[in-house]
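A.B. asks: What would the 3D arrangement of this be:
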Amino acid sequence: MNHQGVSEIFFEESYTVPADQTAKSLFSRLPHGSGYAERLIECLATGYLVAVVESICIREMQQHVDAAIEVVVGRSIRIEHRGPIPPGSPLRLRGWLERLGDRSATFRVQAHDAHEVVCEATVTLVAVQRAQMESRIATKVLALQCPGT
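C.D. replies: Down below sits the predicted model:
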């Protein structure tokens with residue numbers, strides 16, 4: 001990981017909320033949410049908001065790792081979804097590096113629409129050895145195929 005490059009990360013990003021990323025849409029596809037999805041509102045689901053915020057932070061950090069040997073993974077996300085975000089709403093997301101560790105980076109992100117701050121988040125990502133992560137995944141996949149071993 002290029003610490004100098006990561007330490008300089010600052011981004012401003014635009015995002016327009018698609019109609020298929022509402023709470024109603026997301027929960028209707030989940031086994032535990034399909035029974036009540038129709039009673040939900042047509043606003044951006046918090047799960048999608050998390051994914052949007054994390055994906056932008058990962059994209060920015062990816063530019064400062066050696067993709068052949070490192071992969072960026074999420075460690076933690078703390079998010080405050082502070083206001084409704086209807087489909088079609090344009091968002092402005094602004095993020096910056098808050099803390100840099102040996103293999104990790106913590107970002108602060110704010111998102112706002114034309115009316116208010118709708119999200120504040122802290123995202124911690126880690127650059128891990130690709131081979132090590134692939135090995136851990138393979139071990140788990142094997143364990144799922146051969147229960148009790």
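A.B. asks: which residues of the protein fall in strands?
C.D. replies: 10-16, 70-81, 90-100, 104-112, 117-129 (DSSP state E).
A.B. asks: Can you say which of those strands is nearest to residue 144?
C.D. replies: With C-beta to C-beta as the measure, strand 70-81 is the member of these nearest residue 144 (19.6 Å). Every C-beta, even on glycine, is put in place using the N, C-alpha and C of the backbone.
A.B. asks: For the residue nearest the centre of the chain, give me its contacts.
C.D. replies: In the chain, the residue lying closest to the centroid (C-alpha atoms, centre = their mean) is residue 54, at 2.1 Å. Applying C-beta atoms under 8 Å, 6 or more residues apart in numbering, one finds that residue 54 lies in contact with 74, 77, 123.
A.B. asks: Reformat those residues as TSV; add distance to residue 66, neighbour count and pLDDT.
C.D. replies: TSV is the format used below for these (distance: C-beta to C-beta, whole Å; neighbours: other C-beta atoms under 10 Å; pLDDT from 0 to 100):
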residue	distance to residue 66	neighbour count	pLDDT
74	19	14	96
77	24	17	98
123	21	24	98
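A.B. asks: Closest to residue 59 out of those residues?
C.D. replies: residue 123 (11.8 Å).
A.B. asks: doesn't residue 73 make contact with the closest one?
C.D. replies: No. The criterion here is C-beta atoms under 8 Å, and residue 123 misses it with residue 73 at 11.5 Å.
A.B. asks: Give me the below-cutoff pLDDT ranges for the protein.
C.D. replies: 148-149 (pLDDT under 70).
A.B. asks: In CSV: the strands of the chain, plus distance to residue 26.
C.D. replies: Formatted as CSV, the strands of the chain follow (distance: least, C-beta to C-beta, whole Å):
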stretch, distance to residue 26
strand 10-16, 16
strand 70-81, 13
strand 90-100, 17
strand 104-112, 18
strand 117-129, 16
